[in-house]
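Engineer: Quick one, what's the 3D model for this:
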Amino acid sequence: MTCSNALRGGISLFSSYLKEMLDFAFPKCCCICGRLADADDRFSKYEDFSEALSGKPSGLHVCGKCLSSLAPYESDKRWLLCLSDPYDGDPCPGLPLYLPLAYEGMVKRAMPMIKFGKKPCLARLFGCLLGTFMASDSVHADLIVPVPLSPKRMKERGFNQAAEIAKPASAILGIPYADDVLYRNRNTNRQTELKGNLARIANVTGAFGVSEEWDLTGMTVIVVDDVVTTGFTLHEAAAALYEAGAEKVLCAAFAGSRQIKLDEPF
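Structural biologist: Just a heads-up that it's a prediction; the model follows:
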């Protein structure tokens, strides 16, 4: 062994010991509940995938209790109607929504941490789960696009949580991803801050456009958001994609609540 190889080996061994000492002195806490993150050993393959996707460590630490609470709906209950309150004259009647988890419990605690706590690592985990669920249900498409943020909101937050979910989902599904297809025509208020369906409809009606750089003619497109409430945001994004020539549009969100089930999957 040369001196340089021995030196590199010694440095690597020291780094390993140092990491063990720091982990013992300063144990990692769960990104969601704050308890001891005792499930990191289950994330070795996820760490490799995340680093290959983003070029840096995930920064994700989750406890076993939070992880085990991520139980999806059964497969035949994940296909729903996008709008919670369908209406006559809908330009996208019967728009399908793929929704694997309920917006409750751990997921409900985690989503504000993604948006306002600057934890995109959680969004990427949810994207991996969404992609895995969709793959198990044989979902196919030509393109995956995220619901875009307005430039103002993007500047405030620094990242688009829908994009952080859509990107790993596309990698798992093997479907091309593009974040420059949809754009916001104007700034909109947060849907969760508005009361009543009329206010929410008015807030997002005509809010999206499709870039002239894209020809979606004949394509099947999946549009992804983090959480779906009334479904109006995804619905308006889908309407813009249809107007641009898409043949089929599927809406997908990691979590939400819905009652109207579709009998036929997308």
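
Engineer: use CA for all of it now, contacts and neighbours both
Structural biologist: OK.

Engineer: Relative to Ser68, how far out is Gly158?
Structural biologist: Distance, Gly158 to Ser68, by C-alpha to C-alpha, to the nearest Å: 30 Å.

Engineer: okay, those two: which has more neighbours?
Structural biologist: Taking other C-alpha atoms under 10 Å, Gly158 and Ser68 do not tie; Gly158 has more neighbours (13 against 9).

Engineer: Where do the helices of the stretch 151-266 of the chain begin and end?
Structural biologist: 151-157, 161-173, 197-204, 232-243 (DSSP state H, counting those that start in this stretch).

Engineer: how about those in TSV, adding distance to Cys251, mean pLDDT and mean neighbour count?
Structural biologist: Shown next, in TSV, are those (distance: least, C-alpha to C-alpha, whole Å; pLDDT from 0 to 100; neighbours: other C-alpha atoms under 10 Å):
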stretch	distance to Cys251	mean pLDDT	mean neighbour count
helix 151-157	22	83	13
helix 161-173	11	96	25
helix 197-204	16	55	16
helix 232-243	6	93	23
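
Engineer: Any idea which of the ones you listed gets closest to His61?
Structural biologist: Closest to His61 of these, according to C-alpha to C-alpha: helix 161-173, at 16.9 Å.

Engineer: For the closest one, which helices and strands make contact with it?
Structural biologist: Helix 161-173 is packed against helix 120-136, strand 143-146, strand 220-228, with contacts defined by 3 or more C-alpha pairs under 8 Å, 6 or more residues apart in numbering; DSSP states H and E.

Engineer: From the rest of the structure, what touches the longest one?
Structural biologist: When contacts are defined by C-alpha atoms under 8 Å, 6 or more residues apart in numbering, helix 120-136 is touched by residues 31, 50, 58-60, 100, 110, 114, 159, 161-162, 164-173, 254.
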